[in-house]
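> Sequence plus the predicted model coming up.
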Amino acid sequence: MDSFAIITNHHKEAQSFRKQFPPSSNQFPTSEQVEQIKQAGLIDAYQLITDPAFLDVSFYSFDQVVFSASDQDRTCISRCPLMPLPGHVYCYFEAEVVMPDDLPLDAAISIGLVANPYPLFRLAGADPSSTSYVRNGEILSNGTFMRRGLPTFTTRTTVGCGYDPELGLVFFTNNGRLVSYFLCPDQRAYHAAVSANQPCVLQVNFGMNPFCYNLKDELMARMVDKPPSYDAAMSQPQ
């Protein structure tokens, strides 16, 4: 997987997109969005969507997305911005790579958060106002690889992404284990995002099924100490 290509692919087109469609600056979902989420319910509000022009992305069901393109960056996002789960201060979702069994080594998959509108022809994390956990064990945030050396993931791995909109805390999990957390300086009403550039199938869970990660216990134990700032996370050994 070419980390440099992830950042540079369609960079100029993304710049033009951001000028024409700047992302929302809201820190929290608007009252209209909150009402829409309540009325729509979990399944409809967080249904994954993408650019209708992407004929190489399809949805097998509400929670399963099929990427068919080869060497084309594609991103799907939740229809509505995330809201904290009932009884929690965190927004959280998980995505499992379910196919193929022989996922190519150069396949890039990223799972994270984006502010909408987002250039869906770029991987999550490759542009400003987005952050993601990339398959090769890197955190890609606002177009910069800010941390390396995390566990990699492949088929049958479940990756989780969480966000505390009050604190700006972002965290990632791998098969039920917390692997990274930091304070994000760019607090937005983020949408869930899953991205890939090679054929694969991802199963997404917004809480319809039990999570691999225990939200209540482990993260709260970790939060006894103040989480690292974004700048501190950026300066960690690579």
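Done, it's in. These numbers were taken from a predicted model, which means no experiment stands behind them.
> tell me which strands and helices the longest strand along the chain is in contact with?
What stands out as the longest strand in the chain, according to DSSP state E, is strand 91-99. Packing partners of strand 91-99 (3 or more CB pairs under 8 Å, 6 or more residues apart in numbering; DSSP states H and E): strand 158-164, strand 200-205. In this view, the C-beta of every residue, glycine as well, is placed from N, C-alpha and C.
> by contact count, what packs against the longest one?
In this case it means strand 158-164. In terms of contacts (3+ CB pairs under 8 Å, 6+ apart), strand 158-164 is packed against strand 91-99, strand 109-114, strand 130-134, strand 169-174.
> mind running it again at 7 Å?
strand 91-99, strand 109-114, strand 169-174 (3 or more CB pairs under 7 Å, 6 or more residues apart in numbering; DSSP states H and E).
> closest one to residue 154 among these?
Comparing those against residue 154 with CB to CB, the closest turns out to be strand 91-99 (6.4 Å).
> Would you agree residue 147 is in contact with residue 180?
Yes - Residue 147 is in contact with residue 180 according to CB atoms under 7 Å; the separation is 6.3 Å.
> Show me which positions of the longest helix along the chain end up buried.
In the chain, with assignment by DSSP state H, the single longest helix is helix 31-45. Judged by neighbour count (16 or more other CB atoms under 10 Å), helix 31-45 contains these buried residues: 33, 36-37, 42, 45.
> Downstream of that helix, the next helix or strand is which one?
Scanning forward in sequence from helix 31-45 by DSSP states H and E, the next helix or strand is strand 48-49.
> For this structure, give me the ranges with low pLDDT.
By pLDDT under 70, the low-scoring segments of the chain are 1-2, 4, 217-238.
> of all the buried residues of helix 31-45, which comes closest to residue 216?
Closest approach between the buried residues of helix 31-45 and residue 216, by CB to CB: residue 42, at 19.0 Å.
> if I look at the residue nearest the centre of the chain, how far off is residue 87?
Ranked by distance to the mean C-alpha position of the chain (CA atoms, centre = their mean), the top residue is residue 112 at 1.3 Å. As judged by CB to CB, to the nearest Å, residue 112 and residue 87 stand 23 Å apart.
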